[in-house]
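Visitor: below are the sequence and a predicted model for it; my questions follow.
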Amino acid sequence: MMMSLYSTKLPHQLNQARTFIAARIKWACDPYLDTAVSKEKDLKQVISIKNQLISSPSKSLPLSSLSLLKPYFNISTTALNFFHKYSTVFSQFQPSPSLPFHIKLTPQAISLHKEEQLILKSQPLRDDTIKRLAKLLMLSGAKRLPLHIVDRFKYDLGLPHDYITALLSDYPEYFNVCEDKDCLTNKDTFFLELVSWKDELAVSEMEKRVSLEDLRNVKRGERIGFPLNFPNGFDLKKKVRDWVFEWQGLPYISPYENAFHLNPNGDQAEKWTVTVLHELLWLLVSKKTEKENVLQLGDYLGFGNRFNKALVHHPGIFYVSNKIRTQTVVLREAYRKGFLMHKHLLMGMRFRYIRLMSKAKKKRRKSVGGVSHSQLQRQVSSTKKGIERKAKYKSREEEEERSNDSLESEFEDVGSSDSNLEDANSDGTMKMKM
């Protein structure tokens, strides 16, 4: 059961049956959010391998060893092809004629890693990370989660790869690692637990937002609606629209409160489920994570299939992208036309890694099948088809360059604090606050 901040339950009349009408909500592609997800293709894998190499005493590892770790890193191609694809991040060398080929980081990647470490070790960022991790644990009733669940969110929370020794050990007043029986698997496992409940952290992002806007504390059971943002051309049926409007007007239940006593099939329970999901995504540095992570956490928290239903019923709040070989849950309000609105220092560093990775792709395009870019130009310039191909090739190059420039400009001011989201009705945004 979840820990409650309040000693009494919500009014009985909120424990109502579902009124959600039986209308199918069609999933619609959002090209902007798909682009936001696609930009980070292979980024998590690159950073994970980078951390593995840095952890090695020699700062390098045999190619054969890394090939065996391919399933662990979730690489979709051969290890050799992967390292060749990102030759600006990884370089291949042979320590001696008698030894196998090794992989190490390029000087550019080492330089980025050092800058990243300076950010991770800065006290403001460490304190921010600790608070977000504590809030994640507070979403669970026992103030603890199995380490394998926490590990699923390690990257999205911005935790160091060795976060237990490099970060948590410095905060014994916050965290403790213990061994106990997992209620789902009935096996002994290690848990990360919060030493004590933190009342000052038990305030959700939505409650903070209302407090800042109205300069007052949010009262329990207040009616707070979520920002809704639909892609251009998306249309809800009128009866669904009417239901959403009424659903938005239901009392807001804090994600840090226990509301499992509500009828799980009722509208109020669904709003609380959405509230927990919204807070979870807001705790993440990129405001998105793999859908499997969300569902695994939901199972452990006792929500069962309710997280998945909430994702389907509320496409104006959440978006599920099918890009980069997985499904990714994105918090819509955190993005505008594919760009993350709430800047975080770590996201600034990650887009610098993307910039470095894209340079390797550009090099490869300039030498297709061993043919130099100038030779390729001569071969295709004599025919109309060739001219069209050359123009398309140049267009792709320019488009990627503009995309990368936009990424850099987006994070030029990565030290700035989060700003309040603005209305953008021209982009299909609809805000509802009851």
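Guide: Looks like it arrived, so ask away.
Visitor: any idea how far residue 295 is from the spatially most central residue of the chain?
Guide: Computing the C-alpha centroid of the chain and ranking residues by CA atoms, centre = their mean puts residue 288 first, at 2.8 Å. In this view, residue 288 and residue 295 are 15 Å apart by CB to CB, to the nearest Å. The way it works is simple: take the backbone N, C-alpha and C, and place the C-beta from them, glycine included.
Visitor: could you do residue 104 as well?
Guide: 37 Å.
Visitor: hmm, back to that, please name the nearest non-neighbouring residue to the residue nearest to the centre of the chain.
Guide: residue 330 (4.3 Å; CB to CB, 6 or more residues apart in numbering).
Visitor: low-confidence regions, this protein specifically.
Guide: 1-24, 214-221, 364-434 (pLDDT under 70).
Visitor: if you set the cut-off to 50 instead, what comes out?
Guide: Along the chain, segments meeting pLDDT under 50 span 1-14, 368-377, 379-384, 387, 393, 396-397, 399-401, 403-434.
Visitor: per-domain residue ranges of it.
Guide: 43-106, 345-410 (automatic domain parsing).
Visitor: centre of the chain to the shortest one, how far?
Guide: It stands for domain 43-106. 25 Å (CA atoms, centre = their mean, to the nearest Å).
Visitor: so what's the residue count around residue 73?
Guide: Per other CB atoms under 10 Å, the neighbour tally for residue 73 reads 16.
Visitor: can you give me the end-to-end span of stretch 278-295?
Guide: End-to-end distance for stretch 278-295: 14 Å, by CA to CA, to the nearest Å.
Visitor: returning to that earlier point: residues contacting the residue nearest to the centre of the chain?
Guide: 36-37, 156, 281, 328-331, 334 (CB atoms under 8 Å, 6 or more residues apart in numbering).
Visitor: which of these fall in helices?
Guide: Here DSSP state H is the test, and those give 36-37, 156, 281 as lying in helices.
Visitor: now tabulate the residues you listed in JSON lines and tack on neighbour count and distance to residue 189.
Guide: Below are the ones in helices among the contacts of residue 288 laid out as JSON lines (neighbours: other CB atoms under 10 Å; distance: CB to CB, whole Å):
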{"residue": "36", "neighbour count": "24", "distance to residue 189": "34"}
{"residue": "37", "neighbour count": "22", "distance to residue 189": "31"}
{"residue": "156", "neighbour count": "19", "distance to residue 189": "21"}
{"residue": "281", "neighbour count": "23", "distance to residue 189": "25"}
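Visitor: tell me which of those is nearest to residue 323?
Guide: Of all the ones in helices among the contacts of residue 288, residue 323 sits closest to residue 37, with 4.6 Å by CB to CB.
Visitor: my guess is that closest one contacts residue 325, does it?
Guide: No - Residue 37 sits out of contact with residue 325 when judged by CB atoms under 8 Å, with a separation of 10.8 Å.
Visitor: now, which of the ones in helices among the contacts of residue 288 sits nearest residue 264?
Guide: The closest of the ones in helices among the contacts of residue 288, once distances to residue 264 are taken by CB to CB, is residue 281, at 21.3 Å.
Visitor: what residues are bridge-paired with the residue nearest to that closest one when sequence neighbours are not counted?
Guide: Distances taken as CB to CB, 6+ apart place residue 331 nearest to residue 281, at 4.0 Å, with adjacent residues excluded. Judged by DSSP bridges, the bridge partners of residue 331 are residue 318.
Visitor: distance between stretch 122-138 and the chain's centre?
Guide: With CA atoms, centre = their mean, you get 16 Å for stretch 122-138.
Visitor: pull out the buried positions in it.
Guide: 125-126, 128-130, 132-138 (16 or more other CB atoms under 10 Å).
Visitor: quick one: the helices in the stretch 151-300 of the chain?
Guide: 154-157, 163-166, 205-214, 238-248, 267-282, 291-301 (DSSP state H, counting those that start in this stretch).
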